[in-house]
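>>> With the sequence up front, the predicted model follows.
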Amino acid sequence: MSGSVSRRYGIVLAIGLALGGHPQGCEDAGRMAEPFRYLTGEEGYRPPAQGDVTFYQTNGPLGGGSVQTLAEGPDGVVYAGTFGNGIYTKPAGGDRWRPSEDGPDDRFLLTLTAMPDGVVLAGTVRGGIFRSEDGGRRWTAVNEGLGNTQVLAILRDPRSGTLYAGTGSGVFKSLDEGRRWTPSNRGLEMTLSRSLALGPDGTLYTGTGGNGLFASHDNGAVWQPLNEGLRDDLGLRENFVRVLTVDRLGVLYAGSFGGGVFKTTDEGRHWVSINEGLTNTSIRGLVVGPDALYVGTGEGVFTSSDGGARWESISQGMPDTNVQSLLLGTNGVLYAGTGSGVVERSPSGSWRSSERGMLFPSVAAVLVDPKRGLFAGTRSAGLFRSKDAGETWVPFNDGLPSPTIRALARDAQGVQYAATRETVYRADWTISRWVADGEGLQGAPAALLAGPDRLYAATSTGLFERANGTSTWARAALDGDETAVRAVISDRRGAVYAATQTGVFRRATVTDRWGPLATGPMDGVLGLAAGQALYAWTAATISRAVEDRKGTQWREIGSGLPKGLEVAGLAVDVVAGRDVVLAATTGGIWWNDREGGEWKPAQGRLPAIPFRTVLAAESGFTVAGSEEHGVFVGVNLVPGRRKFGLF
């Protein structure tokens, strides 16, 4: 077997063992390599480095998804509403999207509207309307009086401040900034209102899903159909009006489901089709610029400088032409929400992907299960699972009401657990969903530990435990009943450690009492890891527990990390009787096997990006969750690692 082949087989073998594979020899290399062909067969692939730790980026999990709606606030913040992954925001001049972690409860967005005072309203598929007053960080439902909670359009009348909402059963309006809604439906009862627009004379327009277009001249009290000439190229009436917009002269434009763009210069009494130059007539976005019109279609973006008489494609260079929404920013940037995220066109005419923070959700927890595969818990997009070593990822969120996953664990019986901000859930594979499993648990969970005979949960109010086979959590007696516990870990001898704000506590066996292990320079511990020794970390440093005549002391081993890096996670892989410590930091993954001194960066296509968590599984297999590049898998081949006779 050649050197390059044997090294490639080495990573496959190591990962295969960690995932439950049991190869017998080189004759099984092809079978074992199959799940990782997407990595080893990639152009530019390099085998894992001997004497080092090497990582490879998997294909997910992917967040973001189809961006159905875009809006811009008065401060230049851009909001993107996705279909299934909530809302993302990007500050003016920024290049990174940030997810909204606190709502909306319905993560399937249909429309966003930003008001002059900075308040943002979001319309969803099932949850109605949500309101944010803090730049999209927190959202609250505002559905009082709303007769239908499928909300497809929201419009504000700048003259009066009145809000209008297009729903699955017509239009509703609010006179108090969306706190209470009343029907405004006469002539529209049980009609899906898909889009809304306001003319300069105060005329309200709504495009419907099935009944064409309607107008109201009395602030929505009564609606009348306006469909004369609203016919596609085959002469068929166009009943589905997706988008509406009005220019400063009062010309009204309507984008339809399959009939292209229509225009009226007489307030909707007569419509004309304006599709010359369009190669796709499924209109998903329609905006008016200072000098041109723009439409988003299933085949990219088109523009017209003559009021729609002729359209020209400006899609060359677009990374994704499956447009779902359009926004022309005050900075002159054209934003296109697509089936895979957001792309931007600069005023100079060049397109680029705008995916940082959106394409890959922030991965806060990872889990390797020999039978079920890889699991990734994210901060804002829920939980994902891969059954093919990371080549494909699928959401696994049934039963999980929260999109924020803080910790994952697997007990001795092979049961998986997930901690959200609210409680702990257990995977029930008989129904393929998560079920609440937090009876007796108090506080917000921060960490989970599955020991050989019991499960532990560190929460904002203390440490809780329960024996395997039982269903009720009980509080562990630490330093006070309401002490927040940030981390819990066990060592190779079965002792359990818990980190609080005041120090680290230890219990040697289940029958022993908890007692302080050490205090001093490691106050404010954020996490723990264990191998041959115990390790604790804060954002600024990493320390190792050592025994001397005075008892247990902390010795700093993180001073060799590059200046300015912050530690976010720690794992320990024991190799030939010594610890290889892996640190997830704001500048990549670093490792050390010398109990201090210089730290080395992990090898591979591993950008110096923020990582949030790292896990050392069996046989040198490692998994890391990053801030904006998904999950990485790797192998530890530091000196002393068993080579399986293949190197």
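Cool, got the structure. Residues are numbered from 1 along each chain as shown.
>>> In three-state terms, label Ser619 for me.
Of the three states, Ser619 takes helix according to DSSP: H, G, I helix; E, B strand; the rest coil.
>>> distance of it from Gln150?
Separation of Ser619 from Gln150 (Cβ to Cβ, to the nearest Å) stands at 50 Å. For glycine as for every other residue, the C-beta is placed from the backbone atoms N, C-alpha and C.
>>> Likewise for Gly94?
Taken as Cβ to Cβ, the span from Gly94 to Gln150 is 32 Å.
>>> and what of Glu618?
Relative to Gln150, and taking Cβ to Cβ, Glu618 is found at 48 Å.
>>> of those two, who's got more company?
Gln150 (20 against 13; other Cβ atoms under 10 Å).
>>> List the contacts of the more buried one.
Shown in contact with Gln150 (Cβ atoms under 8 Å, 6 or more residues apart in numbering): 110, 124-126, 167-168, 192.
>>> switch to 7 Å and redo it
Gln150 is in contact with 125-126, 167-168, counting by Cβ atoms under 7 Å, 6 or more residues apart in numbering.
>>> what's the answer for Gly373, then?
385-387.
>>> in the sheet, who's paired with it?
Under the criterion DSSP bridges, Gly373 forms beta bridges with Asp369.
>>> Give me the pLDDT for it.
For Gly373, the model assigns a pLDDT of 94.
>>> same check, this time on Arg107
88.
>>> thinking again about what came up before, check the contacts of Gln150 against Gly469 and report the nearest one.
Arg126 (37.7 Å; Cβ to Cβ).
>>> Looks like the closest one contacts Thr149 (just checking).
Yes - between Arg126 and Thr149 there is a contact under Cβ atoms under 7 Å: 6.0 Å.
>>> In terms of packing, which of those two has more residues around it?
Counted by other Cβ under 10 Å, Arg126 and Thr149 do not tie: Thr149 has more neighbours, with 18 against 11.
>>> Not counting sequence-adjacent ones, nearest residue to Asn322?
Among residues not flanking Asn322 along the chain, Gly339 sits closest, at 4.1 Å (Cβ to Cβ, 6 or more residues apart in numbering).
>>> Next up, the contacts around the one you found.
Taking Cβ under 7 Å, 6+ apart, one finds 66, 320, 322, 324 in contact with Gly339.
>>> With pLDDT and neighbour count added, can I get those in JSON lines?
Putting the contacts of Gly339 into JSON lines (pLDDT from 0 to 100; neighbours: other Cβ atoms under 10 Å) gives the following:
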{"residue": "Ser66", "pLDDT": "88", "neighbour count": "19"}
{"residue": "Asp320", "pLDDT": "89", "neighbour count": "19"}
{"residue": "Asn322", "pLDDT": "93", "neighbour count": "17"}
{"residue": "Gln324", "pLDDT": "95", "neighbour count": "22"}
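>>> what number of residues lie near the residue lying closest to Asp247 once chain neighbours are set aside?
In space, and not counting its chain neighbours, Asp247 is closest to Val288: 4.7 Å by Cβ to Cβ, 6+ apart. The number of residues packed near Val288 is 16, by other Cβ under 10 Å.
>>> Specify the beta-bridge partners of Val288.
Leu293.
>>> That one against Val243, yeah?
No - in this structure, Val288 is not within contact of Val243 by Cβ under 7 Å, at 11.4 Å.
>>> joint contacts of the two?
Common neighbours of Val288 and Val243 (Cβ under 7 Å, 6+ apart) do not exist.
>>> gap between Asn397 and Phe375?
Distance from Asn397 to Phe375, by Cβ to Cβ: 12 Å.
>>> the more surrounded of the two?
Phe375 (25 against 20).
>>> any idea which helix or strand carries the more buried one?
Secondary structure assignment for Phe375, by DSSP states H and E: strand 373-378.
>>> quick one, phi psi at Ser282?
phi -90, psi 100 (degrees, to the nearest 10).
>>> Contacts only, for it.
Per Cβ under 7 Å, 6+ apart, neighbours of Ser282: 257-258, 297-298.
>>> that older thread, most neighbours of all the contacts of Gln150, which one?
Thr167 (27 neighbours).
>>> what do Asn397 and Phe375 both touch?
With Cβ under 7 Å, 6+ apart, Asn397 and Phe375 have common neighbours Leu383.
>>> ok, now which ones touch Arg352?
Taking Cβ under 7 Å, 6+ apart, one finds 343-344 in contact with Arg352.
>>> picking up where we left off before, may I ask which of the contacts of Gly373 has the most neighbours?
Most neighbours among the contacts of Gly373, by other Cβ under 10 Å: Ser386, with 23 neighbours.
>>> can you tell me how far that residue sits from Val623?
Relative to Val623, and taking Cβ to Cβ, Ser386 is found at 11 Å.
>>> got it, and Ala409?
Taken as Cβ to Cβ, the span from Ala409 to Val623 is 14 Å.
>>> more crowded one of these two?
Val623 (26 against 20).
>>> The more buried one reaches Val631, doesn't it?
Yes - look at Val623 against Val631 with Cβ under 7 Å: they come within range, at 6.5 Å.
>>> Now stretch 145-163: buried residues?
Neighbour-count burial for stretch 145-163 flags 146, 148-156, 162-163 (criterion: 16 or more other Cβ atoms under 10 Å).
>>> Pull the helix or strand Arg466 falls within out as CSV, backbone CA atoms only.
For Arg466, the host element (DSSP H and E) is strand 462-467. C-alpha atoms of strand 462-467 as CSV (Å, rounded to 0.1, in the frame of the first residue of the first chain):
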residue,chain,number,x,y,z
GLY,A,462,-27.5,24.9,40.2
LEU,A,463,-26.4,21.4,39.3
PHE,A,464,-29.1,18.7,38.8
GLU,A,465,-28.7,15.0,38.4
ARG,A,466,-30.8,11.9,37.9
ALA,A,467,-30.0,8.2,37.8
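>>> any weak-confidence spans in the stretch 201-350 of the chain?
232-235 (pLDDT under 70).
>>> From Thr303, how far out is the residue nearest to Asp247?
11 Å.
>>> do the same with Gly199
23 Å.
>>> More neighbours: those two, which one.
Thr303 (19 against 16).
>>> bridging residues for the more buried one?
Tyr294, Glu312.
>>> ok, now which ones touch it?
292-294, 311-312, 314.
>>> Looking at this protein, which residue reaches furthest from the middle?
When distances to the mean C-alpha position of the chain are computed (Cα atoms, centre = their mean), the maximum falls on Arg549, with 48.9 Å.
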